[in-house]
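Undergrad: Sequence and predicted structure below; questions after.
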Amino acid sequence: MDFVLRRLGFYLIAFFFAATFNFFLPRLMPGDPITVMFSSQGNPLPVESIAALKETFGFVDGPLYEQYFIYLKSVVTWDLGSSVKYFPQTVNEVLGRSMVWTLFLVGTSTLISFFIGSISGIIAAWNRGGWLDSILSPLSLVLQSIPAVVLALLFMFVFGVALNWLPYSYAYDIELDPAFSWEYISSVISHATMPIISLVIVQIGGYLLTIRNNLINLLGEDYIVMGRAKGLSETRVMFNYGARNALLPSITAFAMTVGVVLGGSLITEVVFNYPGLGNTLFEAIVSRDYPVIQGQLLIMTLAMLSANFVADMAYVYLDPRLRRD
Amino acid sequence: MSGFLKMLGRNKKVSFGLFIVITYLLIALSAPLLTSHEPNKRVARPHQAPNAENVMGTTRMGRDVYHLFIHGTATSLAVGFGAGLIIVVIGTALGVSAGYFGGKYDEVVSLLTNVALVVPQLPLLLVLAAFIGEASPMTIAIIIGFTSWAWGARVTRSQTLTLRNKEFIQASELACEPSWRIIFVEILPNLSSIIGLNFLGSIIYTIITEATLEFLGLGDPLAVSWGTMLFNAQNASAMTVGAWWEVLVPCVAIAILGMGLALLNFGIDEIANPRLRTFSGIKRFNKRVKQLKAASLNTPNNAKQSTNGVIYDN
């Protein structure tokens, strides 16, 4: 319990760092932050909504610390202001709409890569130097160093444009209405295939290498020899004796990878015109919609902290040493 | 030193990675020799397929893709090495000093490092770059350099903590050596493989991130780099109109450089930690074990030694 509370306190501090960064950044930039942040090309905002936006971001008369506390209050009450581009929609509405699609992409691809990556990593470590290991381990390292944008563009070109196997724009066929029908669901799945595959490739190598390198360090341990000596089957020793103990660093890797996948998802969505957070952010950047851009950082930080917290909980569950206070 | 170089040469991954990286470096350094005009000059009709005159085709703006590629290589490498250097210097300085001096200073540095590790990098950079507006490649390198040191600080700190309790450090302390000498002469040389890994990893990370930021339209659109090539290609819907060369050239350029740096990294990791090796030495060893096993099949005592032919070293 002590451990959990300490971690929660740490996440609170981390979140405040991100929020503070958001507060000071516009004030550190040259020029007048208010005209930079709330000037919209095209339709001008009504005067009273500009006043509301200013209040949200703490641009009030008064000393800096007062501005900071007014801003913190709106962060704590999760009032992120309204979008400049999609006025009068609030940032929460704009981001909430697209978050579902991003969660779908990130969640599915993370599950797939965690399982496939970890299992092939276990097998590669168990047969170290075998053909599978000599192909998979360097390959996953190479794949890891290819950026998501390149992967997504290559996939789109080969399987979308050249071979025309899969649709490569938007989340479903726009002629269909969202409904719980086979036609709609299959359209969603076929549209998500390429983004998910590119995200899987981005992260799978990390899981594979993490568990492989850990398991290799455990191969000489006494309890492995013990498992063999008991005459247990090779699979049983491999998964129940070896992999189980090598799993903890993979949980850490999971927490670290979520940040990479969130970033990768931003790019993949832009390439495939997928209506998630990434695409919303892209549009916000193009139209300099600063409230949306700043809200995005806070949401991403929260997502990252939640992933870390899930990893902490998994640690408490998997590692009895942490439960002994 | 020559023994180390020999070891590098013997590792196939390292030699291949080194070959790729050096080729790119040569391209970047001899960019003025390899090109004949400004990369942003309009030289031909838009979206010409690769031909004798424009070997990599032209963009929608009628720019020559080959010229953009050569100059983009110089930009990407400069950004990668520059930011890599900043990341390594900040990370190592913070990590080693926190690990060595300890106390309140260590607590503050560790807290900052851990916070920097859980705040998502890319969205943070996006917000920064959006406020700076049309950031030049050098600005991007600097902001990446100053926001990405956390991983390096964490690993060098934990390594320093381990080293700090070793006898040779304690001996130097008892001999009243100044702290700077202990740090630079006793500790840093022992961290060289970690610092090297951090440097190579940071270069890959920076090149990827720079291309991503520019692809999203946060860079200076007039700068010549692989990221702006991708951005312009995406804007011109190059893919859907069939101008594949405009997209493929920067994609392949990034992918191959990433591969080269990754192989180099993997190889150095293997040299530093022999257990992780996959290369043919183990295969030969396994084969020999199998032969021995086949030879001794009639002595059943040895047959059960290893069921899948792998020997587990300790």
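TA: Noted; the coordinates are in hand.

Undergrad: ok, and the closest non-adjacent residue to A:Ala148?
TA: A:Gly264 (3.6 Å; Cβ to Cβ, 6 or more residues apart in numbering or on different chains). C-beta coordinates here come from the backbone N, C-alpha and C atoms, glycine included.

Undergrad: Which element, helix or strand, includes that neighbour?
TA: helix A:248-271 (DSSP states H and E).

Undergrad: where in the stretch 151-300 of chain A is pLDDT low?
TA: Residues of the stretch 151-300 of chain A meeting the criterion pLDDT under 70: A:176.

Undergrad: near chain B, which residues of it show up?
TA: Counting by Cβ under 8 Å from any Cβ of the partner chain, the residues of the stretch 151-300 of chain A close to chain B are A:153-154, A:156-157, A:161-162, A:213, A:216-217, A:219-220, A:224, A:228, A:234, A:256, A:259, A:262-263, A:266-267, A:270-271, A:281-282, A:285-286, A:288, A:290, A:293-294, A:296-297, A:300.

Undergrad: name the helices or strands packed onto the helix holding A:Gly264?
TA: helix A:91-126, helix A:148-155, helix A:182-218, helix A:277-286, helix A:290-318, helix B:121-132, helix B:192-215 (3 or more Cβ pairs under 8 Å, 6 or more residues apart in numbering or on different chains; DSSP states H and E).

Undergrad: Same question for the last one: list its buried residues.
TA: By that I understand helix B:192-215. Buried residues in helix B:192-215, counted by 16 or more other Cβ atoms under 10 Å in any protein chain shown: B:194-215.

Undergrad: Contact partners for the closest residue to B:Ala272 other than its chain neighbours?
TA: Closest residue in space to B:Ala272, ignoring its immediate chain neighbours: B:Ser193 at 4.1 Å, by Cβ to Cβ, 6+ apart. By Cβ atoms under 8 Å, 6 or more residues apart in numbering or on different chains, B:Ser193 lies in contact with B:Ile268, B:Ile271, B:Ala272.

Undergrad: Could you check how far B:Ser193 is from B:Glu167?
TA: 21 Å (Cβ to Cβ, to the nearest Å).

Undergrad: The closest residue to chain B within the stretch 151-300 of chain A: what's it in contact with?
TA: Residue nearest to chain B within the stretch 151-300 of chain A: A:Gly263 (3.4 Å; Cβ to the nearest Cβ). A:Gly263 sits next to A:Ala148, B:Pro120, B:Gln121, B:Leu122, B:Pro123, B:Thr212 when contact means Cβ under 8 Å, 6+ apart.

Undergrad: Equivalent analysis for A:Phe10, please.
TA: B:Asn114.

Undergrad: which SSE is it in?
TA: Using DSSP H and E, A:Phe10 falls within helix A:2-28.

Undergrad: so what does the one helix or strand B:Leu264 maps to touch, helix or strand wise?
TA: In the assignment (DSSP H and E), B:Leu264 maps to helix B:244-272. Packing contacts for helix B:244-272, counted by 3+ Cβ pairs under 8 Å, 6+ apart, involve helix A:131-144, helix A:148-155, helix B:2-10, helix B:12-29, helix B:65-101, helix B:192-215, helix B:226-235.

Undergrad: The first one and chain B in contact?
TA: Same thing as helix A:131-144. Yes: for helix A:131-144, a contact with chain B is found by Cβ under 8 Å from any Cβ, at A:Asp133, A:Ser134, A:Ser137, A:Pro138, A:Leu141, A:Val142, A:Gln144.

Undergrad: now those as CSV including pLDDT?
TA: CSV is the format used below for the residues of helix A:131-144 next to chain B (pLDDT from 0 to 100):
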residue, pLDDT
A:Asp133, 85
A:Ser134, 83
A:Ser137, 83
A:Pro138, 80
A:Leu141, 80
A:Val142, 79
A:Gln144, 79
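
Undergrad: rewinding a little: how many other residues sit next to the residue nearest to A:Ala148?
TA: By other Cβ atoms under 10 Å in any protein chain shown, 29 other residues sit near A:Gly264.

Undergrad: Spit out the contact partners of it.
TA: A:Gly264 neighbours (Cβ under 8 Å, 6+ apart): A:Ala148, A:Ser198, A:Leu199, A:Val202, A:Gln203.
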